[in-house]
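[1] model this:
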Amino acid sequence: MEFIGDIVRKKGSRSLLAVEATKARLAGEIGKKIGLYYVPRVLNFDEDTCVLEFERLHDLVILHDLAVRKDQRLPELLRKAGQALAVVHEKLFLPGDMYYPLPSEWVDSSDEDVSIHGDFTLQNVGLNEVSGQLVILDWSTAPLLGRTPTSGSRYFDILWFVANVFSSAPNEGILSWNAEGMSDAFIKGYVHAINPKNMDKFAIYWPKIMRLYRKSVWYIARHRRFCRASVYLAARILMYFRLWCYKRRFSQKGSHHKRKMRILFYFLYHFFAKHLPASCSFHGFWAKYIRYWVCKHLFAKCGKNVNVEHGAEIGSGKYIEIGDNSGIGINCFVWKAIIGKNVMMGPDVVFIPQNHDFSDPDKPLQEQGFIEYEPIVVGDNTWIGTRAIILPGRKIGKCAILGAGSVITKDVPDYAVVGGNPARIIRYRKTIDKQT
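    Next up, the predicted model:
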């Protein structure tokens, strides 16, 4: 493909270019009629020289670039992309001599097959920033399928897009790449545009797209140098596991499935992620991300950019809520807590979730059970020093500092600096009204 002024020029097989030109023209007419999307116009197709020319859109930005930039317009554009693909599947009909089916595993019964786009991805869907229109590019089929198929199951285009959302995560932004959210928006747009009763075969096609994912990743890795290929494979394996979990969540809904997934992530954390290196170590970047991703599935609420450190004991995690940019320190013990945003925590901090009932002196302590308390609450922007101990039910105000080794037996006011055993207020970080 080459760019010459206002023209995009492609060269290749006469038959393949003829199919692409026809698909682009027919899809463009549909898009123009309904006003949902735009396809660059076919300017010329020379069968003798095997050259196909499209108009070039200078103000085009692809969805992948918008995703990298975390553009706020992306969720709505993804929904529109799903709707646009549904319209193409319902209204695009190619001439009989251009009917080339996908491999048999991707073919439904004849009355359910549709004309496919073939390479519907974040890189081939964009936004014209001048007109505000969604733009669909490259109507040739994906290279892994030989570039000839034009017809098959609608689930191929849908799941190919979802797999691409996961596989195209940039290495440097993999921590914040919201593949699940983007996939949800796209699929919701597609389902909204057609009769939902026709969307009941995802479970059949998920294993097939997972195989294609592995095949495509290996295909790309083989064409890179060893070092780049190693980094690429490590990132794609991680995203593959996320895709597998997304598939499980998507395919099986209900409390029983959620319990099974919670058990899976519980063992994954306590027998693997918990023992990975600390975030400050050489391999800490990946360890930090893996623990964060696992804990997102365990915590009652989990904000963005949360750092659960090496050795942190979190129990089942279902009684923990934690806000954006907060952390649980190395070897900390946190079972029942509501932690705000931007909270720093040193090593070996202990949150005591309950206490023994010792009200009856004549009865063995082991038989008196426990006293349950409300969760420990930690306000925003608080710093908890090394080996601090917080007793059950305490509330720590915002912007407070708890000195190393403090034993927190009472609530701590906002902006207070406390220390000692039991902890006492040393001073306030800013002038405030009298507090009790």
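
[2] Stretch 101-112 - what's its average pLDDT?
    Mean per-residue pLDDT for stretch 101-112: 73.

[3] same deal with stretch 318-338?
    Average pLDDT, stretch 318-338: 93.

[4] Let's see it as CSV, backbone CA atoms only.
    Provided in CSV are the C-alpha atoms of stretch 318-338 (Å, rounded to 0.1, in the frame of the first residue of the first chain):
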residue,chain,number,x,y,z
LYS,A,318,-14.3,-9.6,49.6
TYR,A,319,-14.3,-7.3,52.6
ILE,A,320,-11.8,-4.9,51.1
GLU,A,321,-12.5,-1.7,49.2
ILE,A,322,-9.6,0.4,48.0
GLY,A,323,-9.5,3.7,46.0
ASP,A,324,-7.4,4.9,43.1
ASN,A,325,-3.6,5.1,43.4
SER,A,326,-3.6,3.5,46.9
GLY,A,327,-1.4,0.6,48.1
ILE,A,328,-1.2,-2.3,50.5
GLY,A,329,2.4,-2.6,51.7
ILE,A,330,4.8,-5.5,51.8
ASN,A,331,3.7,-8.3,54.2
CYS,A,332,0.7,-6.2,55.4
PHE,A,333,-2.3,-7.8,57.0
VAL,A,334,-5.6,-6.3,55.7
TRP,A,335,-8.8,-8.4,55.8
LYS,A,336,-11.6,-6.0,56.4
ALA,A,337,-11.1,-2.3,55.4
ILE,A,338,-12.3,0.6,53.4
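
[5] Let's verify residue 44: helix, strand, or coil?
    Secondary structure, DSSP: H, G, I helix; E, B strand; the rest coil: residue 44 is strand.

[6] need the contact list for the nearest residue to it once chain neighbours are set aside.
    Closest residue to residue 44 apart from its sequence neighbours, by C-beta to C-beta, 6 or more residues apart in numbering: residue 53 at 4.5 Å. (Each C-beta comes from the backbone N, C-alpha and C, glycine too.) Residue 53 makes contact with 7, 8, 9, 10, 42, 43, 44, 45, according to C-beta atoms under 8 Å, 6 or more residues apart in numbering.

[7] which residues does the third one contact?
    Read it as residue 9. Taking C-beta under 8 Å, 6+ apart, we find residue 9 in contact with 1, 2, 3, 51, 52, 53.

[8] Quick one: low-confidence residue ranges for the stretch 51-200 of the chain.
    Residue ranges of the stretch 51-200 of the chain with pLDDT under 70: 108-111, 143-144, 146-147, 195-200.

[9] That one: helices as residue ranges?
    With DSSP state H, counting those that start in this stretch, the ranges of helices along the stretch 51-200 of the chain come out as 63-68, 74-91, 154-167, 179-193.

[10] Nearest approach to residue 240 belongs to which of those helices?
    Proximity to residue 240 (C-beta to C-beta) singles out helix 154-167 among the helices of the stretch 51-200 of the chain, at 7.3 Å.

[11] Dump that closest one to CSV, restricted to CA.
    Taking Å, rounded to 0.1, in the frame of the first residue of the first chain, the C-alpha atoms of helix 154-167 are listed here in CSV:
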residue,chain,number,x,y,z
ARG,A,154,-21.1,-13.2,12.0
TYR,A,155,-19.3,-14.4,15.1
PHE,A,156,-16.0,-14.3,13.2
ASP,A,157,-16.0,-10.6,12.7
ILE,A,158,-17.3,-9.9,16.2
LEU,A,159,-14.8,-12.1,18.0
TRP,A,160,-11.9,-11.2,15.7
PHE,A,161,-12.5,-7.6,16.8
VAL,A,162,-12.6,-8.6,20.5
ALA,A,163,-9.4,-10.7,20.1
ASN,A,164,-7.7,-7.7,18.5
VAL,A,165,-8.7,-5.4,21.3
PHE,A,166,-6.8,-7.7,23.7
SER,A,167,-3.9,-8.6,21.4
